[in-house]
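Enquirer: Next come a sequence and a model predicted from it.
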Amino acid sequence: MGRDALVVGINLYDCEQLSNLKAPAEDAEAIAQCLTQSGGFRVRRLPEVIRPETQATRVGRKTKVTLTQLEEALVQLFKPTGNHIPETALFYFSGHGLRKDRGIQEGFLATSDVSPNANQWGLRLKWLRELLQESPIRQQIIWLDCCYSGELLNFKENLEEADPGSLEQHDRCFIAASREYEVAYEETAGSHGVLTGALLQALDPQHRSDGLVTNFTLTEQVNQALKSASQRPLFANFGNKIILTGQVSDRVSEATGDECPYRGLAYFDRTDQDARFFYGRTALTDVLLERVRDRSFVAVVGASGSGKSSVVRAGLLHQLKLGQRISGSHLWTVYVIRPGDKPRQSLAEAFLEPGLSAIDRADQLHKAQALIDSGAVGFAQLIAACESDRVVLVIDQFEECFTLCRDETERQQFFEGLLGAIQQLGKKLCLVITLRADFFSKCLQYPQLAQHIENNLVAVKPMNREELAQAIVEPAKQVNLDIEAELVTQMILDVESSPGSLPLLQYTLTELWKRRSVNWLTLAAYNRMGGVRGTLQQRADEVYASLSPQEQETARRIFLELTQLGEGTEDTRRQVLKRDLITSKQSELLIDRVIQRLSTERLVVTSELVERSAGNRVQVIDVAHEALIRYWSRLRQWIEENRLALKQKRTIEDAAEDWVQQGKPVELAYLLQGSKLAEAENFLQVYADTMPLSSLAQEFIQLSQAERDRLHRQEQVRKRWKTAARIAFPTLIAISAAVFGWQQQRAKEATAAVFLAGNVPESISQLSTALPTFREEARALKAKAESGKEADISLALAYYRRLRETAIKLLNLQKQTDSKTLSELQLKQLLNTQAIAAESDKSLAELIEKYRFPALKQQLNTQNFGERLPNTQFTDFENQYTGALRTTYQILMGRFGAGADLNQDGRLTSIDEREQLPCDTLLELDRLWREATRKAKGKACGWYGANFAVFENLDCATIPKFEKRTLAFWIFDTDYDSAIERIKTCRQPSQARNL
């Protein structure tokens, strides 16, 4: 039976109301080639042109299509004359769509000759529906990539009314790019319409394990691909399945179906579909059910690849869901997580309700995180709030607490929260963990955890022969697939002595199923593939060999990045963000291309995570299974050749991550120093091409180098001027410039070192003489900061901080003299000092606003207001805080900004410290906080409330963790009154401020 298709792409329009298009012709040609090459369709193109050089036809880019031409082509497609009626007819259209609303709404496909002003709208979709109703062709397929195309999907009511039996006589697949009242879009990064791009991806039979694309799988894949797009297509399938692309193998019996009963390198999950094929672990599942019935902790421990995840998910959890083995278990609440690098955050995310908006998700996550962070009591409250009688929490791959989580405090608090909640809740909570056996020694470092594991351990032992036979044969029976007895025997012999080879067994069976002959899995095919060990390696090598040299190098780096090096344990997997793989030499396009290929071949898996702070979705890459790390000899060789370099790389990148967690401080204590910096510099030079550091790590090294070089220069100057620093300040400047005859730059470095070190004179006359000199230098540094380099910005801020501090000190000295006895010179010096104090206050604020406020604004805009952490003290400085509170503190109190904490005690205790706070900075901070909190919570929370009160402020009550207290309290604590006094002063006109 024939398969005909009409593919239409219209770029050109006569009507001034409709712009000419670029994508439709390309869209239509791509669809035409796909249908021809992969679907076996006989395709007619409209408009059709012939390429002179090849005599091949293609969709014309600069050729028009009239209404008459389109109608005639559609009639020929769906109502062909003669005795040979095709089984399948497909119509694809890309171009403009029109909507007419004159009492009755109608949709149209716009041809080149439309003219709405002349009431010529194009092809009526209602006419097309009527044509389909009368068509003798059984399988009818319509894909419309144009505006208002959803009008076609009003066909159901019309068809049922006109011919109730027509829906049963036809198999139909209708896809419209948009609803009847919506427009359609083109891709911003491609040459296709949004719908067409998704269609082309979904029509590729190589993306299907069975090699077939049907109307049902097509709509599912397109819907999945466009689930987050602004344009949501409409779908409708009626009748039986329609095969669109791919070939049905003549060698495969219909009895086998198109469903693979094996799971490759993936684990069996708790779905009904996976549980249907899960065999060989009945006895172990029974043990787990009995443990869960009467215990609150179960530790499932076994070798990597022994099937821990599968037996817990497809065995234990599936049986609990059925409720047939334990009374009422189908009503229990079940959560499943992996710890990842932040176990407590992963735990909080498990309690999020599905389908939340970004705002609701962030709010719910914050509440869950707050309870979990508060320890066992808070976590117990979260569990107790569940309405079900019991809550089962499964922590799969518990070893990630050691392999991925580097924060000992995070790990300790995670363990304490879990075990403490078990103690408080009794049978309400049952915690089930799966743990690799080689990580049990790590757990011994935590006595309470180790005791729980020892008392509640369920060992996952290797399957015996009978269980292995069940795992091989029983899934095949579910799809009427036969297996040679000799094959079963050989596979059992090959894996029974290897406790971690179940993933290889499943992968080999999956590959055998793909290459099956008729409905048999044979020993001959197994031997050709190289057996259990050879199958995975052979496939991985084949995929690697098919890549270009550039792609091979990229694949090598990706697999190395996905390997977590063991420390006294086997190497394991680690997840990597796609953005961290992108470098100057390996572009995002190249990374995407390689990941797509590896993902298609099931060697890696991709997923998405939502960033906690910004709410952005990020792509995560993971190796398909640790078996690849253990058994692919090429990867093993790469790892061993680069083990030391990988360890060094991870150490540097871990240090950079810690630096980011601290807020990217520029102080030396937070940067690389000494031998660590030298090692990082050497690594950067040696491995720049083969094992590039993350962009964050490179930034960290560069800033560390800049700070080291600056301190080195400063130390050299200090050594030269150790004696000169004791000389009167004006004399020092004169000597540096005249007596020694040094170059101007060296003179500036010398005086700057002394000035920034605080070695300033005590007398009024010396200070008055020196201060203008340093004001000029500060101005020059401020201009230099325009470079945007952090070193220049930090130096300019440091200069103005010291200038402000020195000017305030001088003012206080000058004010001690009776104003009535001031000489004309002294009065002039006083006025000059006031001017310098005012300028330093303003310039410091300008630098802060330009270079420090952007980070704060981003946090406020994303409602990351932060909190003051419990069990912290003043001398923890910015580490007392998270989020925007942390950045605000750094801006005011630390060297990141104004540096008001002059004596480094974490408090605002003196008048000099209070005066160090720039007025414009204080006022702008108040405005930013009030604006952000009003936008997020409807209430404006700033430094103070009515009558400058800081407590019982209802406006701040809406901010989580603020407890009706204003910003002044959270930043300055008991010193808030000093800060409020400064703010009151800043509220006065500038000429009235006591500078």
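Expert: Looks like it arrived, so ask away. Given the structure is predicted, the values throughout are model-derived calculations rather than measurements. Numbering: from 1, shown residues only.
Enquirer: can you pull the buried residues of stretch 370-390?
Expert: 371, 372, 373, 376, 378, 379, 380, 382, 383, 390 (16 or more other CB atoms under 10 Å). All C-beta spots, glycine's among them, are computed from the backbone N, C-alpha and C.
Enquirer: Please identify which helix or strand holds the first one.
Expert: Read it as residue 371. Taking DSSP states H and E as the definition, residue 371 sits inside helix 358-373.
Enquirer: chain center to the helix or strand following that helix, what's the gap?
Expert: As assigned by DSSP H and E, the chain's next helix or strand after helix 358-373 is helix 376-384. Distance of helix 376-384 from its chain centroid, counting by CA atoms, centre = their mean, to the nearest Å, is 28 Å.
Enquirer: Packing partners of helix 376-384?
Expert: helix 358-373, helix 408-425 (3 or more CB pairs under 8 Å, 6 or more residues apart in numbering; DSSP states H and E).
Enquirer: ok, of those, where does mean pLDDT dip lowest?
Expert: Sorting the helices and strands packed on helix 376-384 by mean pLDDT places helix 358-373 lowest, at a mean of 84.
Enquirer: Contacts for that helix next, please.
Expert: Among residues not part of helix 358-373, those counted as contacts by CB atoms under 8 Å, 6 or more residues apart in numbering are 344-345, 347-349, 351-353, 356, 378-379, 381-382, 413, 417, 610, 612, 615, 863, 960-961.
Enquirer: out of the residues you listed, which are buried?
Expert: Buried subset of the contacts of helix 358-373 (neighbour count, 16+ other CB under 10 Å): 344-345, 347-349, 351, 378-379, 382, 413, 417, 612, 863, 961.
Enquirer: Lowest pLDDT pick from those?
Expert: In terms of pLDDT, residue 612 ranks lowest among those, with 52.
Enquirer: just to revisit the earlier point, could I get the buried residues of stretch 370-390 as JSON lines with distance to residue 905?
Expert: Shown next, in JSON lines, are the buried residues of stretch 370-390 (distance: CB to CB, whole Å):
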{"residue": "371", "distance to residue 905": "33"}
{"residue": "372", "distance to residue 905": "33"}
{"residue": "373", "distance to residue 905": "27"}
{"residue": "376", "distance to residue 905": "34"}
{"residue": "378", "distance to residue 905": "32"}
{"residue": "379", "distance to residue 905": "35"}
{"residue": "380", "distance to residue 905": "38"}
{"residue": "382", "distance to residue 905": "38"}
{"residue": "383", "distance to residue 905": "42"}
{"residue": "390", "distance to residue 905": "51"}
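Enquirer: so which pair among these is furthest apart in space?
Expert: Spatial extent of the buried residues of stretch 370-390 (CB to CB) is set by the pair 373 and 390 at 24.6 Å.
Enquirer: circling back: in helices, which of the contacts of helix 358-373 fall?
Expert: Residues of the contacts of helix 358-373 located in helices (DSSP state H): 344, 345, 347, 348, 349, 378, 379, 381, 382, 413, 417.
Enquirer: Kindly indicate which of those lies nearest residue 508.
Expert: Among the ones in helices among the contacts of helix 358-373, and counting by CB to CB, the member closest to residue 508 is residue 349, at 35.0 Å.
Enquirer: quick one, strands of the stretch 251-400 of the chain?
Expert: For the stretch 251-400 of the chain, strands defined by DSSP state E, counting those that start in this stretch occupy the ranges 297-302, 333-337, 391-395.
Enquirer: What residues of the second one count as buried?
Expert: The neighbour-count check on strand 333-337 (16+ other CB under 10 Å) flags 334, 336, 337 as buried.
Enquirer: which ones are touching the second one?
Expert: Same thing as residue 336. 270, 313, 317, 350, 394, 396.
Enquirer: Tell me the buried residues within the residues you listed.
Expert: For these, a neighbour count by 16+ other CB under 10 Å gives the buried set as 270, 313, 317, 394, 396.
Enquirer: Can you lay out those as CSV showing distance to residue 917 and pLDDT?
Expert: As requested, these are exported to CSV (distance: CB to CB, whole Å; pLDDT from 0 to 100):
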residue, distance to residue 917, pLDDT
270, 57, 93
313, 57, 96
317, 57, 96
394, 51, 97
396, 51, 95
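Enquirer: Out of the residues you listed, flag the one nearest to residue 945.
Expert: Nearest member of the buried ones among the contacts of residue 336 to residue 945, counting by CB to CB, is residue 394, at 47.0 Å.
Enquirer: For that closest one, give me its contacts.
Expert: Contacts of residue 394 by CB under 8 Å, 6+ apart are 312, 313, 317, 334, 335, 336, 337, 432, 433, 434.
Enquirer: Can I get those in a markdown table including distance to residue 940?
Expert: Formatted as a markdown table, these follow (distance: CB to CB, whole Å):
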| residue | distance to residue 940 |
| --- | --- |
| 312 | 50 |
| 313 | 49 |
| 317 | 48 |
| 334 | 43 |
| 335 | 38 |
| 336 | 42 |
| 337 | 38 |
| 432 | 47 |
| 433 | 46 |
| 434 | 49 |
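Enquirer: Any regions of the stretch 201-350 of the chain where pLDDT drops low?
Expert: Low-confidence segments of the stretch 201-350 of the chain (pLDDT under 70): 240, 247-257.
Enquirer: in it, which spans are helices?
Expert: Assigned by DSSP state H, counting those that start in this stretch, the helices in the stretch 201-350 of the chain fall at 215-225, 272-276, 282-294, 308-310, 318-322, 343-350.
Enquirer: what does the stretch 51-200 of the chain give?
Expert: With DSSP H, counting those that start in this stretch as the criterion, the stretch 51-200 of the chain has helices spanning 67-78, 125-134, 155-162, 166-169, 194-203.
Enquirer: mind saving the C-alpha coords of the longest one as CSV?
Expert: These are the backbone C-alpha positions of helix 67-78, laid out as CSV (Å, rounded to 0.1, in the frame of the first residue of the first chain):
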residue,chain,number,x,y,z
LEU,A,67,-5.0,29.0,-3.6
THR,A,68,-6.0,27.1,-6.7
GLN,A,69,-2.7,25.2,-6.8
LEU,A,70,-3.0,24.3,-3.1
GLU,A,71,-6.6,23.1,-3.4
GLU,A,72,-5.9,21.0,-6.4
ALA,A,73,-2.9,19.4,-4.7
LEU,A,74,-4.9,18.6,-1.6
VAL,A,75,-7.7,17.0,-3.6
GLN,A,76,-5.2,14.9,-5.5
LEU,A,77,-3.7,13.8,-2.2
PHE,A,78,-6.8,13.0,-0.2
